[in-house]
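Colleague: 3D, please:
(one chain, ligands or ions: 1)
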Amino acid sequence: MENKEKQVISRKRVTDHGEVLTARREVEAMLDLVKQETERIESRFLEPACGNGNFLIAILERKLSVIERKLARQEKHLKKAEKRPGWKAPLYEPDSLLALSSIYGIDILQDSIDAAKERLLTYFTESYQRIVEKEIPQEVFAAAKFILDKNILLGDAINPQKDVTVPGVPGLDQIIFTEWSRIGNDFKRREFRYSTMYLDGSETAGASAASDDLFAGDKSAAHDVFKTDTGNEIMKPTPVRDFPLTHYTKISMKGEL
Ligand SMILES: C[S@@+](CC[C@H](N)C(=O)[O-])C[C@H]1O[C@@H](n2cnc3c(N)ncnc32)[C@H](O)[C@@H]1O
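Modeller: I've put the predicted structure just below:
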């Protein structure tokens, strides 16, 4: 079995953190249950115990292959002169960054987070070179790295800060996630507390009480309440931070970590 297919790294990690990694075949079978979503490049996935990224890498592969197929279809309609080297770059770059920005992970072990980010970045870079047929530009690489630093986070996805079991790991209530959305070649970045994100799309007024408890005295926890035409209440969490629209090539320059 290849090293990256190893499901158990050590007995201690299994005992301490329940770390048994999922094999590729099971990953693919589970993703097939939500196949359509894995093939929508903007569809967001969060894995709250991502390990070294077995699910995340498979999702990235599916999304990038959708973009590759789209470009192959476009290529059929191009004249020879239009197929200049690198013609795919302006189409592939924002699409692939959007795909990457829709993938989120949390794990309680720093080395797993590092491994997951490295794996995703390497796959992103190699795919760029294979599909666009040129070296990845420095600013696109930097944007991808920045997005991964924002999306793949060390944290305890179960316990609040006061109960975390691994010292130095941010608790559930300390985790900040970034929402990325694309408008043309610009990206909008907003940051939300992970613990308020379940409010998005929630249909029960009970969620309102829960959020009041969780963030009593915390102004950033304020949220808007919308009523649907069927009378249900939907809470929209307020971002902790909101950034101006930024061209995709400048994502890493405009944002501090
Ligand atoms: C069964 S493994 C699954 C890993 C990965 N999802 C996969 O399928 O290959 C469980 C993972 O959860 C992580 N983990 C355990 N407790 C956690 C917690 N409280 N918060 C976040 N991650 C945790 C472990 O470090 C481990 O990577």
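Colleague: residues in the stretch 51-200 of the chain within reach of the ligand, list them.
Modeller: Residues of the stretch 51-200 of the chain lying close to the ligand (CB under 6 Å from any ligand atom) are 51, 54-55, 106-109, 112, 156-158. Heads up, the C-betas are built off the backbone N, CA and C, glycines and all.
Colleague: out of these, who's nearest Asp149?
Modeller: Ile106 (13.5 Å; CB to CB).
Colleague: gap between that closest one and His17?
Modeller: 13 Å (CB to CB, to the nearest Å).
Colleague: buried stuff in the helix or strand containing Met30?
Modeller: Per DSSP states H and E: Met30 is located in helix 24-32. Neighbour counts over helix 24-32 (16 or more other CB atoms under 10 Å) mark 27, 31 as buried.
Colleague: by contact count, what packs against that helix?
Modeller: Using 3 or more CB pairs under 8 Å, 6 or more residues apart in numbering; DSSP states H and E, the elements in contact with helix 24-32 are helix 54-76.
Colleague: and the angle from the helix it packs on to helix 24-32?
Modeller: 70 degrees (axes from the mean of the first three to the mean of the last three CA atoms, to 10 degrees).
Colleague: and helix 54-76, how far out from the chain's middle?
Modeller: 16 Å (CA atoms, centre = their mean, to the nearest Å).
Colleague: what's in contact with that helix?
Modeller: Applying CB atoms under 8 Å, 6 or more residues apart in numbering, the contact partners of helix 54-76 are 21-24, 27-28, 30-31, 38-41, 45, 47, 50, 83, 88, 91-92, 95-96, 99-100, 102-103, 105, 116, 119-120, 123-124, 127, 131, 152.
Colleague: output it as CSV - backbone C-alpha positions only.
Modeller: What follows is helix 54-76, C-alpha atoms only, in CSV (Å, rounded to 0.1, in the frame of the first residue of the first chain):
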residue,chain,number,x,y,z
ASN,A,54,-8.3,12.4,1.7
PHE,A,55,-11.8,13.8,1.0
LEU,A,56,-10.6,17.3,0.2
ILE,A,57,-8.1,16.2,-2.4
ALA,A,58,-10.7,14.0,-4.1
ILE,A,59,-13.2,17.0,-4.2
LEU,A,60,-10.5,19.2,-5.7
GLU,A,61,-9.8,16.6,-8.4
ARG,A,62,-13.4,16.4,-9.3
LYS,A,63,-13.9,20.2,-9.5
LEU,A,64,-10.7,20.8,-11.5
SER,A,65,-11.6,18.1,-14.0
VAL,A,66,-14.9,19.9,-14.6
ILE,A,67,-13.0,23.0,-15.6
GLU,A,68,-10.7,20.9,-17.7
ARG,A,69,-13.6,19.4,-19.6
LYS,A,70,-15.2,22.8,-20.1
LEU,A,71,-12.0,24.1,-21.7
ALA,A,72,-11.7,21.1,-23.9
ARG,A,73,-15.2,21.8,-25.2
GLN,A,74,-14.3,25.4,-25.9
GLU,A,75,-11.1,24.4,-27.6
LYS,A,76,-13.0,22.5,-30.2
